[in-house]
Every structure is written in C-alpha cells, then in structure tokens.
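A.B. asks: structure here, sequence nowhere to be found:
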C-alpha cells in the first residue's frame with residue numbers, strides 16, 4: 001500500500017499521513033480541534049479536490065498549524081505517496 005508522510009509534531013506544525021484507500025477518509029487530531037476542526041477539514045478536502053484525489057485516507061495530527069502549513073504538508077505527503085513504488 002502506498003503511503004506518504006510530511007511534517008512534524010512541533011508546535012505550529014502538523015504531521016500528515018496519506019495512504020491509498022477504497023474511499024475518502026479523513027481523521028483529524030488537533031490541539032485546537034474544538035475551534036478549528038471544520039476549517040482544517042475544509043483545507044484538506046479542498047486540497048484533495050484540487051489534486052483530483054478521492055480514494056485516500058488522510059490522518060492529520062495538528063499542533064496549531066496555519067492553513068497554508070496544512071496544505072503544504074498534505075501536498076508533500078501526496079507527492080511522497082505517489083513517488084513510492
């Protein structure tokens with residue numbers, strides 16, 4: 001199974017893992033979950049839509065990252081997944 005990861009568990013960052021799946025699955029763990037889980041999920045969904053991906057599982061462990069950091073980590077994880085043989 002192909003998978004890719006990117007990021008760290010440092011403050012203001014996010015660790016994102018992407019792997020092949022039968023459908024779209026998104027799991028979010030965040031220190032600011034109660035306030036921003038919808039925004040984090042929207043960033044992930046929009047990025048996946050832009051990349052044309054529908055059959056992946058995304059696991060996001062957020063430590064207070066801003067939207068552009070989440071998107072960059074997700075794009076890097078996707079790239080690493082696609083590079084895996």
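C.D. replies: It's in. Keep in mind it's a predicted model, so treat the numbers as computed, not measured.

A.B. asks: and the strands in the protein?
C.D. replies: 3-6, 14-20, 25-30, 56-62 (DSSP state E).

A.B. asks: and the angle from the third one to strand 56-62?
C.D. replies: For the pair strand 25-30 and strand 56-62, the angle between their directions (axes from the mean of the first three to the mean of the last three C-alpha atoms, to 10 degrees) equals 0 degrees.

A.B. asks: which parts of strand 25-30 are buried?
C.D. replies: Buried residues in strand 25-30, counted by 16 or more other C-beta atoms under 10 Å: 28, 30. Every C-beta, even on glycine, is put in place using the N, C-alpha and C of the backbone.

A.B. asks: re earlier: which one of the strands of the chain lies closest to residue 74?
C.D. replies: Closest approach to residue 74 among these (C-beta to C-beta): strand 14-20, 5.2 Å.

A.B. asks: endpoint to endpoint, stretch 51-58 covers what distance?
C.D. replies: From its first residue to its last, stretch 51-58 covers 14 Å (C-alpha to C-alpha, to the nearest Å).

A.B. asks: name the residues that touch it?
C.D. replies: For stretch 51-58, the surrounding residues in contact (C-beta atoms under 8 Å, 6 or more residues apart in numbering) are 16-27, 44, 48, 74-75, 78, 81.

A.B. asks: show me how to select, in ChimeraX, the buried members of those.
C.D. replies: Selection of buried members from those for ChimeraX, criterion 16+ other C-beta under 10 Å:
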select :16,17,18,19,44,48,74,75,78,81
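
A.B. asks: quick revisit: dump the strands of the chain to TSV, plus distance to residue 36.
C.D. replies: Formatted as TSV, the strands of the chain follow (distance: least, C-beta to C-beta, whole Å):
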stretch	distance to residue 36
strand 3-6	20
strand 14-20	11
strand 25-30	7
strand 56-62	8
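
A.B. asks: state the distance from residue 43 to residue 83.
C.D. replies: 23 Å (C-beta to C-beta, to the nearest Å).

A.B. asks: between those two, which is the more surrounded one?
C.D. replies: Neighbours were counted for residue 43 and for residue 83 using other C-beta atoms under 10 Å; residue 43 has more, 21 against 9.
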